[in-house]
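Asks: Show me how the following folds:
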Amino acid sequence: MKLLTYQYKFFGPRAGMKLDDEVLDLTVLLNCCSSPISDIGALLRRFDDPVAAIQAALHSGAKQETLPLCEVSLCPPILHPASLRDSSLFEAHSNGTSKSNGHTTPPIWYERPIYFYENPNDLTGPEAVISRKAGSVTLDYEAELALVVGKSGRNVTTEHTLEHLFGVTVYNDWTDRAVGGQEVGFLGMHKSKDFAAGLGPWIVTMDEVMDRWNDGRLDLKVDVFVNGKQTTDSSTGTMYWTIPQLFEVITQDCTAVPGDVIGLGTVGGGCLAERGGTLPYLSDGDTVEIRIERIGTLRQYVKR
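Replies: As a prediction, the model looks like this:
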């Protein structure tokens, strides 16, 4: 399933399901019109097993209302996640960006999966326009695969991780490199990350990608295009740490809840900073498209 959040003219936002070139409204399908389902986060909080509920409604002949996909505006699939975490699972990216800032990857990176919290209040969806930080000349994209939590969990061990994961989506962890280099240099725990984050176009449920799951890693092709020119040719299969290892660390003494979003970190070559100055940073008017196999394309624009 591909689940999304959409607006239609002055109607919405509402949770929906992608059916070919149409959007199926989930509020109507699931008979929730008295309390509309505002986004996929609300769907996950309301139903213990949303996929089963949707399948049951489809098979029962429940009322359906659809709109052409081309006529709706897509929002971030989860509008207000309880938390937005980002991690660093890709050694090539860690080493590449550390080197570009005059740093080295710290020893702790090799001791356990590292993650940090980001700002959940500035999420943007497909076709959104983002603004550079004031005075910035080092705006960069970061191409990531993100997990969406479907079931609450605390102190979850690696063998039970998949019981808590609902799906995956595309994440653009927009970054101002100059600010990041000044404050930390290695990880994103700084002012360079607080102005924009892209999510979408929809969430693909885990069952649609499990054939690409290998020893705790998902292997999906990742491509990025800036103004139509390819700038990233990578994949998620080179994770140093596994997804279960990361989730175990995240939930240690901490509760993950439905609708939480967890970026897995930028893939190797998944940003401009790793290119040693051979590619320019982003400018006003640029278009950035992140494409991840099995999911789709998250296209966003830098404000003119």
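Asks: CA atoms for contacts and neighbours, from now on please.
Replies: Fine.
Asks: Tell me where the model's unsure across the stretch 101-250 of the chain.
Replies: Along the stretch 101-250 of the chain, the parts satisfying pLDDT under 70 run over 101-103, 179-190.
Asks: run the last query once more with 80
Replies: 101-104, 178-194 (pLDDT under 80).
Asks: mind listing the strands for it?
Replies: 115-117, 123-124, 129-130, 139-140, 143-149, 153-154, 165-172, 175-176, 197-205, 213-214, 217-218, 221-226, 229-235 (DSSP state E, counting those that start in this stretch).
Asks: Given the longest one, what are its sheet partners and their directions?
Replies: Okay, so that is strand 197-205. Here strand 197-205 is paired, per DSSP bridges, with strand 2-8 (antiparallel), strand 123-124 (parallel), strand 165-172 (antiparallel).
Asks: out of those, which comes closest to S136?
Replies: Checking those against S136 by C-alpha to C-alpha gives strand 165-172 as the closest, at 17.8 Å.
Asks: Report the contact partners of A143.
Replies: Going by C-alpha atoms under 8 Å, 6 or more residues apart in numbering, A143 touches V170, Y171, N172, D173, V222, V224, G265, T266, V267, G270, C271, I290.
Asks: try 10 Å
Replies: The neighbourhood of A143, defined by C-alpha atoms under 10 Å, 6 or more residues apart in numbering, consists of 170-174, 198, 222-224, 232, 234-235, 263-271, 289-292, 298.
Asks: same question, C254
Replies: Residues near C254 by C-alpha under 10 Å, 6+ apart: G153, R154, N155, V156, E248.
Asks: what's it sitting at in phi/psi?
Replies: Here is the backbone geometry of C254 (degrees, to the nearest 10): phi -150, psi 140.
Asks: Tell me the spacing between it and S83.
Replies: As judged by C-alpha to C-alpha, to the nearest Å, C254 and S83 stand 12 Å apart.
Asks: Over to V51?
Replies: For V51 relative to S83 (C-alpha to C-alpha), the value is 22 Å.
Asks: How about G269?
Replies: According to C-alpha to C-alpha, G269 stands 26 Å off from S83.
Asks: Give me the more crowded residue out of those two.
Replies: Remark: of G269 and S83, G269 carries more neighbours, 24 against 18, as counted by other C-alpha atoms under 10 Å.
Asks: Which pLDDT value belongs to that one?
Replies: pLDDT recorded at G269 is 95.
Asks: Is it in contact with S234, as I believe?
Replies: Yes. Contact between G269 and S234 holds when scored by C-alpha atoms under 10 Å: they sit 6.6 Å apart.
Asks: anything in contact with each of these two?
Replies: Between them, G269 and S234 have A143, V222, D223, V224 as joint contacts when contacts are counted by C-alpha under 10 Å, 6+ apart.
Asks: in the sheet, who's paired with the third one?
Replies: Note on D223: beta-bridge partners D233, R291, judged by DSSP bridges.
Asks: wait, what's in contact with it?
Replies: Counting by C-alpha under 10 Å, 6+ apart, D223 touches 143, 230-235, 269-270, 289-293, 297.
Asks: Sweet, I'm off.
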